[in-house]
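1. what's the 3D shape of this:
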Amino acid sequence: MTFSIVANVGDAYGVAVASRFLAASGPVAMVRPGVGAVASQALANAGYRVAALDRLEEGRTADEALTAITGEDSQTSTRQVGIV
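-> The predicted model follows:
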């Protein structure tokens, strides 16, 4: 079983990852203090993490960031991503 959870409380952000792969959080999770957190699994697009956090830092909502990063990806239906 594989899962990720991204969460925030106030200005604190975090990501937890469970996977059959050791040290999966490295390629899956990313947090930018004061901005947000992202997790991308399944057939992950590692570029989603930086791109989503950049959109959040620009002032976009998590939904807007998700739409922006998945908009030009032809394999969106094979990916899992969570943003806060």
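2. Gly59 belongs to a helix?
-> No - assigned with DSSP: H, G, I helix; E, B strand; the rest coil, Gly59 falls outside any helix and is coil.
3. Next one: it, what pLDDT does it get?
-> Listed pLDDT for Gly59 reads 96.
4. On the three-state scheme, the spatially most central residue of the chain is what?
-> Residue closest to the mean C-alpha point of the chain, counted by C-alpha atoms, centre = their mean, is Val38 at 2.3 Å. Three-state call for Val38 (three-state DSSP): strand.
5. what residue ranges in this structure score low on pLDDT?
-> 1, 21-26 (pLDDT under 70).
6. ranges for the strands of it?
-> Ranges of strands within the chain are 3-9, 12-18, 29-32, 36-42, 79-83, based on DSSP state E.
7. Glu57: which of these is closest?
-> strand 29-32 (6.9 Å; C-beta to C-beta). In this view, the C-beta of every residue, glycine as well, is placed from N, C-alpha and C.
8. Put the alpha carbons of that closest one into CSV.
-> The C-alpha trace of strand 29-32 is given here as CSV (Å, rounded to 0.1, in the frame of the first residue of the first chain):
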residue,chain,number,x,y,z
ALA,A,29,7.5,15.0,-0.9
MET,A,30,8.5,18.6,-0.8
VAL,A,31,7.8,21.4,1.7
ARG,A,32,8.7,25.1,1.3
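9. what sits up against that strand?
-> Contact with strand 29-32 is made by 4, 6, 13-15, 17, 37-39, 49-50, 53, 56-57, as judged by C-beta atoms under 8 Å, 6 or more residues apart in numbering.
10. Of these, keep whichever come out buried.
-> Buried subset of the contacts of strand 29-32 (neighbour count, 16 or more other C-beta atoms under 10 Å): 4, 6, 13, 15, 17, 37-39, 49, 53, 56.
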